[in-house]
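Undergrad: When you get a sec, could you give me coordinates for this:
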Amino acid sequence: MIPCICFFQDGQIDGARRAALTAQLDAFSRRAFDAPANQTWIAVPPGNGFTEAKPSTSSIVTFQADTALDQPTRIRLLEEICDIWMAETGCSLNEIVATVTDPQ
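TA: As a prediction, the model looks like this:
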């Protein structure tokens, strides 16, 4: 299983949208790493997340790869994560932070 953590602002992602994102991120993980995603979803309560000293509308999606990645591969995967998130949530590219880290 590939660790995946999704931080989002409470109230921004409803149950149906979260289910769709869960399925899409799992499919992404299977394509990218040949393993399912072990997803943890964290809703940030109102007033607990700020960007530019204002209540945040940003989300963070992190994956920990099971092998070290070269930078061109990492960039391709990051772009795909952002595309999935933006298509499903309607957020802008400025409202999604994606990371794919190498194994610890």
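Undergrad: For Ile5, give the beta-bridge partners.
TA: Beta-bridge pairing of Ile5 under DSSP bridges involves Thr40, Thr62.
Undergrad: just checking, it touches Asn38?
TA: No: shown here, Ile5 and Asn38 do not form a contact pair, counting by C-beta atoms under 8 Å, at 9.5 Å. For glycine as for every other residue, the C-beta is placed from the backbone atoms N, C-alpha and C.
Undergrad: In contact with the closest residue to Asn94 other than its chain neighbours, which residues?
TA: Nearest non-adjacent residue to Asn94, counting by C-beta to C-beta, 6 or more residues apart in numbering: Ser58, 7.9 Å away. Taking C-beta atoms under 8 Å, 6 or more residues apart in numbering, we find Ser58 in contact with Gln9, Gly49, Thr51, Cys91, Asn94, Glu95, Ile96, Val97.
Undergrad: Among the residues you listed, which one sits closest to Ala43?
TA: Lowest distance from Ala43 to those (C-beta to C-beta) belongs to Gln9, with 7.5 Å.
Undergrad: ok, how many other residues are close to the closest one?
TA: 19 (other C-beta atoms under 10 Å).
Undergrad: Provide a list of residues in contact with the closest residue to it other than its chain neighbours.
TA: Distances taken as C-beta to C-beta, 6+ apart place Val44 nearest to Gln9, at 5.4 Å, with adjacent residues excluded. For Val44, the contacting residues are Phe7, Phe8, Gln9, Asp10, Ser56, by C-beta under 8 Å, 6+ apart.
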